[in-house]
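>>> what would the 3D arrangement of this be:
(4 chains)
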Protein chains: 4
Amino acid sequence: MSLRIVSQSVLNAWSQTLIRGMSTQGGSKNIGFVGLGNMGGHMASNLIKAGHKLHVFDISKPACDNLKAKGATVYSKTAELAQNVDFLFTMLPNNDIVDASYEEMTANGVNKNTIFIDSSTIDPTLVKSLQKRISAKGARFIDAPVSGGVPGAEQATLTFMVGGTEAEYNAVKSVLECMGKRITHCGDYGMGQAAKLANNMMLAISMIGVSEAMNLAIRLGLNPKTFAEIINSSTGRCWASELYNPVPGVTPTAPANNSYKGGFSTDLITKDLGLASGVATSSNTPIPMGALAHQIYRTLKSKGLGSKDFSIVYDFMKNENN
Amino acid sequence: MSLRIVSQSVLNAWSQTLIRGMSTQGGSKNIGFVGLGNMGGHMASNLIKAGHKLHVFDISKPACDNLKAKGATVYSKTAELAQNVDFLFTMLPNNDIVDASYEEMTANGVNKNTIFIDSSTIDPTLVKSLQKRISAKGARFIDAPVSGGVPGAEQATLTFMVGGTEAEYNAVKSVLECMGKRITHCGDYGMGQAAKLANNMMLAISMIGVSEAMNLAIRLGLNPKTFAEIINSSTGRCWASELYNPVPGVTPTAPANNSYKGGFSTDLITKDLGLASGVATSSNTPIPMGALAHQIYRTLKSKGLGSKDFSIVYDFMKNENN
Amino acid sequence: MSLRIVSQSVLNAWSQTLIRGMSTQGGSKNIGFVGLGNMGGHMASNLIKAGHKLHVFDISKPACDNLKAKGATVYSKTAELAQNVDFLFTMLPNNDIVDASYEEMTANGVNKNTIFIDSSTIDPTLVKSLQKRISAKGARFIDAPVSGGVPGAEQATLTFMVGGTEAEYNAVKSVLECMGKRITHCGDYGMGQAAKLANNMMLAISMIGVSEAMNLAIRLGLNPKTFAEIINSSTGRCWASELYNPVPGVTPTAPANNSYKGGFSTDLITKDLGLASGVATSSNTPIPMGALAHQIYRTLKSKGLGSKDFSIVYDFMKNENN
Amino acid sequence: MSLRIVSQSVLNAWSQTLIRGMSTQGGSKNIGFVGLGNMGGHMASNLIKAGHKLHVFDISKPACDNLKAKGATVYSKTAELAQNVDFLFTMLPNNDIVDASYEEMTANGVNKNTIFIDSSTIDPTLVKSLQKRISAKGARFIDAPVSGGVPGAEQATLTFMVGGTEAEYNAVKSVLECMGKRITHCGDYGMGQAAKLANNMMLAISMIGVSEAMNLAIRLGLNPKTFAEIINSSTGRCWASELYNPVPGVTPTAPANNSYKGGFSTDLITKDLGLASGVATSSNTPIPMGALAHQIYRTLKSKGLGSKDFSIVYDFMKNENN
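Alright, predicted model coming up:
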């Protein structure tokens, strides 16, 4: 999500990579990566840059070829891949695909030294169920979903939210640091996902709230920049108002200034809100604002805005004609 | 609202007062103050401390006596009071009382040198109508609502949001500085109120959103402090999560740790949301989250929680038994 | 709103008119009508048909000419008009215009025999204030807003919701019967408006609810007509599902089958919801669903759908592409 | 839900049973019933009354004993039970229990003549998955959820919403008629559940909407009965306003007159709204009002009102003190 970081970056990323490369001296690991999409492709590349040996799988041949060119070994069967690695990352689109993928990888037994790490965004309940299944077979499984979006994946500046034991957290930390700059231990299995979903629910609420407040202020006659300054130095400020303002012309680096392209898509926030709603239902937690945010983003999606940055909610709400 | 500031304060307030006192050297003004409640009483006192001559009115005799003891002149008729002052502040509970008060004060003409400054929170439309009425009589009128609550009023650390011309803003700035530390020029008449209402609408949305996100995270198994740290270093952060967390034990100075006493009352945020809803209706601005926040706070009020700090929404939402 | 009544009507209206005409035998009254728009023009015509002498005013010359051709006397000053009538109806667009109109009509005194009857939809608070002002001058004032829309106005099948004393209700009943078929005494001054606003709030909630339920059922695979039959013989049924279904092809006479033209416009339901929200705020009544309905219709209005029938909310919500 | 039906009933039920008994002359079937709770116990009893041979299972011994006393055969293993019946009903609390129960019953093969009929309220997706699993084994499976509540189950006046082929619908119709008075064919597998969930979502929206409208009208000064009459003869009317008014004193037979005891519990409507939200999420259907209704009922549940009739939302919303 942190587009503004784009501007720091190339040199930084390079020097960090050098340091990380050194920190794994004598510690090059065999690492599996299943799911080489927009996020996973960059993450796997960063692991190679850090000196690890990558073993990869994706249903897309071009995605595999790309990693092969950087030195990774490509597999056609994930079960075989999984036997050969110390750490195995999965970065996949949804609950069902994650579930099916682990079923396939572990059906005929596991390498007991492998730590499986799911970085997809899925239901914490599925995390707990996968952890039970895999630990019953003798290996380990933890959740480590990310925030930071494609730019974060590319520049190795992701935040990882880890759910697992203290020992497991310590075991994976240095590997995660090859792909991110903040590695947070959130608690037991599933707590990485729980933290991500609750945070992103708040993000959606903030974004819609800021859009409403900006729109109201502007329609009442305030200058957008003046009001943004007031709110940002007052009690209404939030990440969305300060660093990702949805009104064009306010935050120079925000997607609002680029026709709401790039950034964090309406499709993805809608998916996360769907997962958050699901766990709120199963845990009997009232989330009136979260549920409304979910519905608003679902409406935007149904209006054909799914691929646009989620700050487009401002544009959707503002009145053009009256 | 800024309770945390309580801890700096006594010496600071004293030294600031000295400096301000000096800055009005040779500039002691006759200042009227109508409305000496929880906020107005402290504000008027700070004007006296800064060296000004105060002329005051309130329907409460004890409130008047208190200011009289500090050197103010007490009036029984606001129309007479208004004839004797350079600046006249009103700090009153609602639209109707503000309207009636100006009607009374100005019915028989005005002192054309007086600048009337309303610091109440009212409808921006009423501001515009009062400004027209009073300028037609030959005096000036601007809006300058505040944020910062009773502690801010007491310690002269309020934020003033000023609506008026550049010249009027400059004319009142040094007087407002006797009562606050941030004096913002928001735009034309009514824009002070517009900025305050839009900001406070966002504040209410944030507070409920943070309450839902914290509650969900906790019910899913996260430690409250751990999750607060995660959200505060991530995209879900906002003023309410960082400085006023609604979960007891997270922000030491927040009302949540004091049984939700003090702070910013549910009654007041509900009033502000009512005004925001009104201007949204008259300006045809969609505010789905703002309207829901309004309804949630109205429900809390109807449940007898009006006098509690508005962060009590967390306590209201969390499940105790299931 | 009752489009289905269109099919009965011409003969009925004619025979009713005959009966009414007779019932005012020896009782032809001087009746004023201020506001000859889509509704008022038909209402005034029906009073003429019933044998009364009409005294009319509108800012539109064609509207006046139309009534003049039917026998009405046209005035250029409402104050003069008001002096000459037993009953005076106002049928005007909003609070401000109603308020200004009564100010003008009564500024120089009233004919103490006149009963003023406002059939506009306005804030019940304004009703009470007008009633006080006019009774202080010696005349009477009651509220009698209508439902039934333009077809009801045309065919004299409106519902009148009357707020006033029992005696006033009895005094106006036979006159209202010239324009409507149900004349309900709702209670004291303002209660006609209160009943209308609360009913229309429920109508808006129902319409959006039915739209969501139909859309959900259809997207899950149900046939729209089958599901409409199920809901209409079950606990989910309501006026909107039975007589005004928002899905094309379900209720033959509904605006949904006519490209959402005609019927009850989004602009008007949004206006009524704005008034309902206002009185909910001033009476501290929580209306979470009503407030959300208001916001949804306000969003439709901001999307340029204000002139369409309010059942277009179904069309707005359904997914076209995904 | 139809409490009012309580008053007809005893003789009627008796005579209907006679007729039904005859209609199965020469047609007594072996029928299994798994789940003998508040609903299932009465439903199974009605099947016995109609002349069928019952084979039953429940984890509660008293529930089994009760049916045994009426002539049913009790089983300790559902797999064995399932081998011996023509029709097998399941009436169980939730998705997980239904899923596990079918897993157990069919793990070792099925009697290919059995038609499995699930009358629980579950996710339509689970229905489709169960139908595939069971038809793959050679038997048939359909969904037939009910409305009508415990009184409907007791008096054999339930409504059944059936999802399956035309042939399957015809095959089960006469058996369902032993327990209900309306047997609706909604469409293919899962459509019974889809219809029930969409209807009950609308019911929840109506109930909350009526509660808000009644509360607003009352607080504005209207008499509750007068306003109920107005809304019930106008466009705001719905099942909840007409037959189940949430305000005490309006509908004599409604739970509102019995301290909100009996009827349709907040727990159950919350469960149904959770299922509706789930299918709305998976089908990308916006349900803003439905989602808000879900959150409001979830809040009531978290306030300890889960066992009360769902019309208690009026009582929850009305202001007692201010």
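>>> tell me how far residue A:116 lies from residue A:53.
17 Å (CB to CB, to the nearest Å). C-beta: built from backbone N, CA, C; applies to glycine.
>>> tell me which of these two has more neighbours.
Neighbours per residue, other CB atoms under 10 Å in any protein chain shown: of residue A:116 and residue A:53, the larger number sits with residue A:116, 25 against 17.
>>> so the more buried one bridges to which residues?
residue A:88, residue A:141 (DSSP bridges).
>>> ok, now how distant is it from residue A:98?
Taking CB to CB as the measure, residue A:116 falls 11 Å from residue A:98.
>>> who touches both of the two?
Common neighbours of residue A:116 and residue A:98 are listed as A:90, A:130 (criterion: CB atoms under 8 Å, 6 or more residues apart in numbering or on different chains).
>>> phi and psi next, for residue A:49.
phi -50, psi -30 (degrees, to the nearest 10).
>>> ok, and the closest non-adjacent residue to the closest residue to chain C within the stretch 151-300 of chain A?
Nearest to chain C in the stretch 151-300 of chain A, going by CB to the nearest CB, is residue A:299, at a distance of 7.0 Å. Nearest residue to residue A:299, sequence neighbours excluded (CB to CB, 6 or more residues apart in numbering or on different chains): residue D:286, at 4.5 Å.
>>> report pLDDT for the one you found.
With respect to pLDDT, residue D:286 scores 95.
>>> that one belongs to a strand, doesn't it?
No. Applying DSSP: H, G, I helix; E, B strand; the rest coil, one finds residue D:286 to be coil, outside a strand.
>>> hang on, isn't it packed against residue C:316?
No. Judged on CB atoms under 8 Å, residue D:286 makes no contact with residue C:316 at a distance of 9.2 Å.
>>> with neighbour numbers in mind, choose between those two.
Neighbours per residue, other CB under 10 Å: of residue D:286 and residue C:316, the larger number sits with residue D:286, 27 against 22.
>>> just list the residues touching that one, thanks.
The neighbourhood of residue D:286, defined by CB under 8 Å, 6+ apart, consists of A:295, A:298-299, A:302, C:212, C:215, C:317, C:319, D:280.
>>> before we move on, what about residue A:38?
A:150, A:153.
>>> tell me which helix or strand it sits in.
When secondary structure is defined by DSSP states H and E, residue A:38 falls outside every helix and strand.
>>> and chain A, what are its domains?
A:3-188, A:194-317 (automatic domain parsing).
>>> please identify the most buried of the ones you listed.
domain A:194-317 (a mean of 24; mean count of other CB atoms under 10 Å in any protein chain shown).
>>> quick check: residue A:300 is in a helix.
Yes. Residue A:300 forms part of a helix when assessed by three-state DSSP.
>>> does it really touch residue A:309, like I thought?
No. With contact defined as CB under 8 Å, residue A:300 does not reach residue A:309; the gap is 10.9 Å.
>>> intersection of neighbour lists for those two?
Counting by CB under 8 Å, 6+ apart, the residues touching both residue A:300 and residue A:309 are residue A:266.
>>> mind listing the strands for the stretch 101-250 of chain A?
Using DSSP state E, counting those that start in this stretch, the strands of the stretch 101-250 of chain A run over residues A:115-118, A:140-143, A:146-147, A:158-163, A:180-187.
>>> now those in JSON lines, with mean pLDDT and distance to residue B:238?
JSON lines is the format used below for the strands of the stretch 101-250 of chain A (pLDDT from 0 to 100; distance: least, CB to CB, whole Å):
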{"stretch": "strand A:115-118", "mean pLDDT": "98", "distance to residue B:238": "29"}
{"stretch": "strand A:140-143", "mean pLDDT": "98", "distance to residue B:238": "26"}
{"stretch": "strand A:146-147", "mean pLDDT": "92", "distance to residue B:238": "16"}
{"stretch": "strand A:158-163", "mean pLDDT": "96", "distance to residue B:238": "17"}
{"stretch": "strand A:180-187", "mean pLDDT": "95", "distance to residue B:238": "19"}
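>>> what's the closest of those strands to residue C:123?
In terms of CB to CB, the element of these nearest to residue C:123 is strand A:146-147, at 47.6 Å.
>>> what pairs with the closest one, parallel or antiparallel?
Here strand A:146-147 is paired, per DSSP bridges, with strand A:158-163 (antiparallel).
>>> what angle separates the partner strand from strand A:180-187?
Interaxial angle of strand A:158-163 relative to strand A:180-187 (axes from the mean of the first three to the mean of the last three CA atoms, to 10 degrees): 20 degrees.
>>> gap between strand A:158-163 and the chain center?
9 Å (CA atoms, centre = their mean, to the nearest Å).
>>> got the CA positions of it in PDB?
The C-alpha trace of strand A:158-163 is given here as PDB (Å, rounded to 0.1, in the frame of the first residue of the first chain):
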ATOM      1  CA  LEU A 158       6.400  -5.800   3.500                       C
ATOM      2  CA  THR A 159       5.000  -6.100   7.000                       C
ATOM      3  CA  PHE A 160       4.600  -9.700   8.100                       C
ATOM      4  CA  MET A 161       2.000 -10.600  10.700                       C
ATOM      5  CA  VAL A 162       3.000 -13.900  12.200                       C
ATOM      6  CA  GLY A 163       0.800 -16.400  14.000                       C
END
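>>> centre of the chain to stretch A:135-152, how far?
Distance of stretch A:135-152 from its chain centroid, counting by CA atoms, centre = their mean, is 11 Å.
>>> can you give me the end-to-end span of it?
Distance between the two ends of stretch A:135-152: 31 Å, counting by CA to CA, to the nearest Å.
>>> could you give the angle of the biggest helix by length in chain A to strand A:180-187?
Assignment by DSSP state H gives helix A:191-220 as the longest helix of chain A. With the same axes, to 10 degrees defining the directions, helix A:191-220 sits at 110 degrees from strand A:180-187.
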